[in-house]
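1. Sequence and computational prediction follow.
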Amino acid sequence: MYDIITTNPGKRLPFYLSIFDIKVRKLEHRLQKLKDEGRIEYRGKGKAGGYWISSTTD
């Protein structure tokens, strides 16, 4: 999933749901884990934002 975010920065949840054949809850869990690890971040507010590689990632 991290690689997909790397090549598609700024995309939102519906984009990732169209790629992966998993339920919303499972995808949210995986995204949250990446956020907790500091690998990705959500930029923007609400539905206007998207997922990006964390600026603190080497």
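-> Great, that's in hand.

2. show me where the chain has helices.
-> Ranges of helices in the chain, per DSSP state H, are 2-7, 13-19, 24-36.

3. need the ones you listed in a markdown table with mean pLDDT, can you?
-> A markdown table is the format used below for the helices of the chain (pLDDT from 0 to 100):
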| stretch | mean pLDDT |
| --- | --- |
| helix 2-7 | 93 |
| helix 13-19 | 93 |
| helix 24-36 | 96 |
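
4. So for K47, which of those sits nearest?
-> With Cβ to Cβ as the criterion, K47 lies closest to helix 13-19 of those, at 9.2 Å. All C-beta spots, glycine's among them, are computed from the backbone N, C-alpha and C.

5. Per-residue pLDDT of T56, please?
-> Looking at T56, its pLDDT reads 72.

6. Residues in a beta bridge with the residue nearest to the spatial centre of the chain, which ones?
-> Taking Cα atoms, centre = their mean, the centroid of the chain lies closest to Y51, which sits 4.2 Å from it. Y51 has the following beta-bridge partners by DSSP bridges: K11, Y42.

7. That'll do, ta.
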